[in-house]
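**Q** Okay, sequence plus prediction incoming.
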Amino acid sequence: MKILSIESSCDETAAAVVENGRTILSSVVATQVEEHKLYGGVVPEIASRRHCEAINGVVAEALEQADLSFDGLDAVAVTYAPGLIGALLVGVNFAKGLSLATGLPLVPVHHLRSHIASNYLAHSELKPPFLCLVVSGGHSHIVEVKSYTEMKVIGKTRDDAAGEAFDKAARTMGMPYPGGIHLDKAAESGDPDSFRLPHPKVDGAPYDFSFSGLKTAVINQIHNASQKGVNLPVNDLSASFRKAVVDSLMENFIKAAESLGYETLVLAGGVSANSLLRKRVAEECEKRGWRCYYPPLELCGDNAAMVGSQGYYEYLAGHTASADLNARPTLNIEKNYG
Ligand code: KG4
Ligand code: ZN
């Protein structure tokens, strides 16, 4: 089964063709990051306009690279939630138009579910059930993936998402948007024990996260130093911050796996590109004889191939939509369409 998939939830316009949820026939991503960099973050109105301009060409290129026309497709999948509403609407309306014009079934896909599915594209042996740490720019969840379409959130952030915390700390250190990757690189040559940072815990919720205090601690250190005319060593501060975030993520992730009896651990979302997080999950799993998976770097960020993968499993579960499909800015990952 070949699915044409579309993603436009934030600042990448993407289209792909994926076969049977596991094989990428084509994947095209048009990023807007250079333009949003000028403003230090995504400007929603600009994002929507750029999606409108790019989507036709991106979809045509995905079909061309897969050497397919609409006749060779079996369904159209699209990210419909969560994300920037104006951005999502571009992809959703384009997919609805395609479905109406071609008669192909329309499959709505939850953005975070698709991040999880990016692992199915790279690891053919991976099947639910497993425990997944979903860490992106907008979300930090520990999710029990009971089947391809049954999920249970057992922990989440109470304030900032991990990616958001990385980006804000990086921005204060003068790094360009999106700062997570720059902070990660700077941290490689820094000393993680050079700055004392808080280790946040959420009372009575052992799997929940809180990153806003950590972010504020870094921002305060930088501001205090600059008032005294001191330049802080950015590499050391980056390394200390990265360690604090990864320690907090890993502590809850491992605790949850141990108490719920999961021995397969999976990372997903933009922050799964973080080199320390990848290293730590591999080490912790190896110590315990558990299996560990994370997406290849090119599938960690937003792309449409992952939407085609999850779309396949949603289609098999009967989760298709009619022309009244709407986009939604927020939606619980546990909720199935329809
Ligand atoms: O999943 P994603 O591409 O978009 C959303 O759905 O939000 O995640 C983007 C986030 C950004 O906050 C970005 O800075 C972060 O992932 N990120 C990283 C790294 N690469 C991307 N954070 C830490 N270390 C990285 N290497
Ligand atoms: Zn994403």
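**A** Okay, I see it. Numbers count the residues shown, from 1 in each chain. Ligands and ions are numbered 1, 2, ... in the order given.
**Q** what residues are up against the most centrally placed residue in the chain?
**A** Closest residue to the average C-alpha location of the chain: residue 269 at 2.6 Å, with CA atoms, centre = their mean. Residues counted as contacts of residue 269 (CB atoms under 8 Å, 6 or more residues apart in numbering) are 112, 115, 134-136, 139, 163, 300. All C-beta atoms are positioned from the backbone trio N, CA, C, and that covers glycine.
**Q** Report the secondary structure state of the residue nearest to residue 155 when sequence neighbours are not counted.
**A** Excluding the flanking residues, the one nearest residue 155 by CB to CB, 6 or more residues apart in numbering is residue 207, at 2.7 Å. What DSSP: H, G, I helix; E, B strand; the rest coil gives for residue 207 is coil.
**Q** Quick check: phi and psi on residue 207?
**A** phi -110, psi 0 (degrees, to the nearest 10).
**Q** Helix or strand for residue 100, just tell me which one.
**A** Assigned by DSSP states H and E, residue 100 belongs to helix 85-102.
**Q** near ligand 2, which residues of the chain show up?
**A** 136, 302 (CB under 5 Å from the ion).
**Q** Tell me the helix or strand right after the worst-scoring helix or strand of the chain on mean pLDDT.
**A** Using mean pLDDT, DSSP states H and E, helix 212-227 stands out as the lowest-scoring helix or strand of the chain, at a mean of 91. As assigned by DSSP H and E, the chain's next helix or strand after helix 212-227 is helix 234-260.
**Q** So is the next helix or strand after that following helix next to ligand 1?
**A** The helix or strand immediately downstream of helix 234-260 is strand 264-268, counting by DSSP H and E. No: looking at strand 264-268 against ligand 1 by CB under 6 Å from any ligand atom, there are no contacts, and the closest approach is 8.3 Å.
**Q** centre of the chain versus whichever helix or strand comes after strand 264-268, how much separation?
**A** Elements were assigned by DSSP H and E; along the chain past strand 264-268, the next helix or strand is helix 275-288. In terms of CA atoms, centre = their mean, to the nearest Å, the centre of helix 275-288 is set 19 Å apart from its chain centre.
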